[in-house]
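Engineer: fold the following, please.
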Amino acid sequence: MCALQIRAERAEELKFAVERWGPDNVALLSLTVRTRARRRSARGATRRRRQLSPIINGKPWERFCEKYGLQHHVRSIEVTHGGHGWHPHLHVLFFLEVKLTEDEQAEAAAWLQQRWERCVRRALGADFVPNEHGVDLRESKRADYLAKFSLELTDPGTKRARGKNRTPLQIAAAAATGRRQADETLWVTYCSGMRGAKMLTWSRGLREAVDLDLEEADEEIVASEEQQPAEQVAIITAGAWDAVRYRRGMACAILEAAELAGRGEAAETIQSLIWNGAAPRVPP
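Structural biologist: All right, here's what the predicted structure looks like:
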């Protein structure tokens, strides 16, 4: 529940920042590396993120920002697990003076591709240098960036990474079934390895530019939520609840909808979950 509160707060802040700045002037950058060598440690993925941070530092980066009117950014790390172990993805929201033209976007992406390849080669070695799909620069859409920043509204048991990789919450949902010791071990490894890692970082001055207060720590968000009185966001009829209460993951999905959806959207989102939920029934 604490995680839901924190994600809801972070999502609201990010959506507010994008809307206040102007969605048309915000672009989304995604960076990945090639997965060849097996990574057994989640903390190793975080270390790689730190090693690769020079892409947004230095004189060449300053010239890039000046050329394309890049004023601020928010960056996030997304970690998934697959056949090659833990795999980090870096996502960055660019807050621009004006929207990039198609030619500017293609030119900027080409420069970022070259710079990213050099950073990866220096930090991790040639085996990790990405192919032409290692850099993705596109217009920002709310559903897209919230998903990539791990702030989307979703049932943890159904949210999946691309291909055969799994998200941490998917691993947690699998571990909760108790069917595979390997899932429990992976979840414990993730929690211990990523403890204390900063998953979302705002560039200096952005929060002030969009009229946001200083960023609260996770503990402060949870404490403030606990002090607030309960708020009714939706009513579920007894018949509807009886029809879905034993569907695996449904209760969690409904609670998350109530936490993350806007006040006017919660009832509609919950109703959609109830009518469209397809999780298998399990005995009480």
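Engineer: can I see the domain layout of this protein?
Structural biologist: 2-220, 229-276 (automatic domain parsing).
Engineer: among those domains, which gets the worst mean confidence?
Structural biologist: Among these, domain 229-276 has the lowest mean pLDDT, at a mean of 79.
Engineer: now the helices: where do they sit in the stretch 151-284 of the chain?
Structural biologist: 168-176, 181-194, 206-209, 218-227, 238-244, 250-260, 266-276 (DSSP state H, counting those that start in this stretch).
Engineer: as TSV, the domains of the chain with mean neighbour count would be great.
Structural biologist: Bear in mind the C-beta positions are built from the backbone N, C-alpha and C, glycine included. Converted to TSV, the domains of the chain look like this (neighbours: other C-beta atoms under 10 Å):
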stretch	mean neighbour count
domain 2-220	16
domain 229-276	15
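Engineer: nearest to Arg122, of the helices of the stretch 151-284 of the chain?
Structural biologist: Relative to Arg122, the nearest member of those by C-beta to C-beta is helix 181-194, separated by 23.7 Å.
Engineer: and Leu137, what element?
Structural biologist: Assigned by DSSP states H and E, Leu137 belongs to strand 135-139.
Engineer: other SSEs contacting that strand?
Structural biologist: strand 26-31, helix 102-124 (3 or more C-beta pairs under 8 Å, 6 or more residues apart in numbering; DSSP states H and E).
Engineer: re earlier: mind checking which of the helices of the stretch 151-284 of the chain is nearest Glu117?
Structural biologist: The nearest among these, by C-beta to C-beta, is helix 181-194 at 26.4 Å.
Engineer: re the thing from before, Ala11 is nearest to which of the helices of the stretch 151-284 of the chain?
Structural biologist: Among the helices of the stretch 151-284 of the chain, helix 250-260 comes nearest to Ala11, with 6.2 Å by C-beta to C-beta.
Engineer: next, the angle from the closest one to helix 266-276.
Structural biologist: In terms of direction (axes from the mean of the first three to the mean of the last three C-alpha atoms, to 10 degrees), helix 250-260 departs from helix 266-276 by 160 degrees.
Engineer: pull the CA atoms of helix 250-260 into PDB?
Structural biologist: C-alpha atoms of helix 250-260 as PDB (Å, rounded to 0.1, in the frame of the first residue of the first chain):
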ATOM      1  CA  MET A 250      -8.700  -8.100  -8.800                       C
ATOM      2  CA  ALA A 251      -8.700  -6.700  -5.300                       C
ATOM      3  CA  CYS A 252      -5.200  -5.300  -5.800                       C
ATOM      4  CA  ALA A 253      -6.200  -3.800  -9.200                       C
ATOM      5  CA  ILE A 254      -9.300  -2.100  -7.700                       C
ATOM      6  CA  LEU A 255      -7.300  -0.700  -4.800                       C
ATOM      7  CA  GLU A 256      -4.600   0.600  -7.100                       C
ATOM      8  CA  ALA A 257      -7.200   2.200  -9.300                       C
ATOM      9  CA  ALA A 258      -8.600   4.000  -6.300                       C
ATOM     10  CA  GLU A 259      -5.100   5.200  -5.400                       C
ATOM     11  CA  LEU A 260      -3.800   6.300  -8.800                       C
END
